[in-house]
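Novice: Could you work out the structure for the sequence below:
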Amino acid sequence: MFAAATVAIIAAMVLALVRAFAGPSLYDRILAGNSFGTKTVLLIGLMGFLTGRPDFLDIALLYALINFASTIAILRFFSYRRSREEAS
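Specialist: Numbering: from 1, shown residues only. As a prediction, the model looks like this:
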């Protein structure tokens, strides 16, 4: 059952990567990157559970924090850039 969950998460990660590369807009690509990061956190947590190493949960939480902060930073950067282009 856990092997099926791992395969499902990896399949969802592949689909998120396809969306990130083929996204029609910038925000679709950012959302796909965020989705890929979230699924990576799930995969790290699942692997930690399967191997019996609880320290993987700490790594997953740190990765989730970095994923969240980087998504906010990227969105603010492009929002600032867009507002400057509209003002010109």
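Novice: Let me know how buried L50 is, in neighbour terms.
Specialist: Residues near L50, counting by other CB atoms under 10 Å, number 13. C-beta: built from backbone N, CA, C; applies to glycine.
Novice: Contact partners for it?
Specialist: 2, 6 (CB atoms under 8 Å, 6 or more residues apart in numbering).
Novice: residue contacts, the spatially most central residue of the chain?
Specialist: A centroid search over the chain (CA atoms, centre = their mean) returns G37, at 1.9 Å, as the residue closest to the centre. Neighbour list for G37: 63-64, 67, 70-71 [criterion: CB under 8 Å, 6+ apart].
Novice: next one: phi and psi at R19?
Specialist: Main-chain torsions, R19, degrees, to the nearest 10: phi -70, psi -40.
Novice: For the residue lying closest to it once chain neighbours are set aside, pull up the helix or strand it's in.
Specialist: Distances taken as CB to CB, 6 or more residues apart in numbering place A32 nearest to R19, at 3.9 Å, with adjacent residues excluded. Using DSSP states H and E, the element containing A32 is helix 26-51.
Novice: That helix: how far from the chain's middle?
Specialist: Centre-to-centre, helix 26-51 and its host chain are 4 Å apart (CA atoms, centre = their mean, to the nearest Å).
Novice: Count the neighbours of A20 for me.
Specialist: 17.
Novice: Wait, it touches Y27, no?
Specialist: No: applying CB atoms under 8 Å, one finds A20 not in contact with Y27, separated by 11.6 Å.
Novice: quick check: angle from the lengthiest helix in the chain to helix 26-51?
Specialist: When the chain is parsed with DSSP state H, its longest helix is helix 55-87. Computed by axes from the mean of the first three to the mean of the last three CA atoms, to 10 degrees, the angle separating helix 55-87 from helix 26-51 equals 180 degrees.
Novice: That's all I had, so thanks and see you.
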